[in-house]
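In: Fold the following and give me the result.
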Amino acid sequence: MVQWLSDILHSPFKILWICFISCIVLLVGEGSLFRLWNLYHDEIRMIESVSKLNDDFKVLNSQFRRVNDPDFIEHEVRDRLDLASEGELIFVFSDN
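Out: Numbers count the residues shown, from 1 in each chain. Got it, this is the predicted structure:
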């Protein structure tokens, strides 16, 4: 047993492998590697979510700017409420 331990301690390559295997066992066994993997994917999802929210904000901001335009308001009122301005002729057709 002492000879075996002495052989391992005098071989740097064997010590490197023992350290490498110990690190892998600790990372996997403790769950740190799994948590790191989950954190990485959470970061990716958050970055995508922030990007989508920024795009939505830009769209809403442009719509907000258009709401202050009287021509836009008039256009929306005509389209959504079917209103006419003063002096326009309205034709009504029957389905009979």
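In: Can you tell me which residue is spatially central in this structure?
Out: For the chain, the residue nearest the mean C-alpha position is Glu48 (2.1 Å; CA atoms, centre = their mean).
In: Just name whatever secondary elements the helix or strand that contains that one is in contact with.
Out: Using DSSP states H and E, Glu48 sits in helix 32-67. Under the contact definition 3 or more CB pairs under 8 Å, 6 or more residues apart in numbering; DSSP states H and E, helix 32-67 sits against helix 12-30. Bear in mind the C-beta positions are built from the backbone N, C-alpha and C, glycine included.
In: What are the contacting residues of the helix it packs on?
Out: Asp7, Ile8, Leu9, Ser32, Leu33, Phe34 (CB atoms under 8 Å, 6 or more residues apart in numbering).
In: How about stretch 63-83?
Out: So stretch 63-83 is contacted by Ala84, Ser85 (CB under 8 Å, 6+ apart).
In: and if you look at stretch 1-9?
Out: By CB under 8 Å, 6+ apart, stretch 1-9 touches Lys14, Ile15, Ile18.
In: Please repeat the previous calculation with a cut-off of 6 Å.
Out: Residues from elsewhere that reach stretch 1-9, judged by CB atoms under 6 Å, 6 or more residues apart in numbering: Lys14.
In: now that stretch, how far from the centre of its chain.
Out: Offset of stretch 1-9 from its chain centre (CA atoms, centre = their mean, to the nearest Å): 54 Å.
In: for stretch 69-77, same thing?
Out: Its chain's average C-alpha position is 35 Å from that of stretch 69-77, according to CA atoms, centre = their mean.
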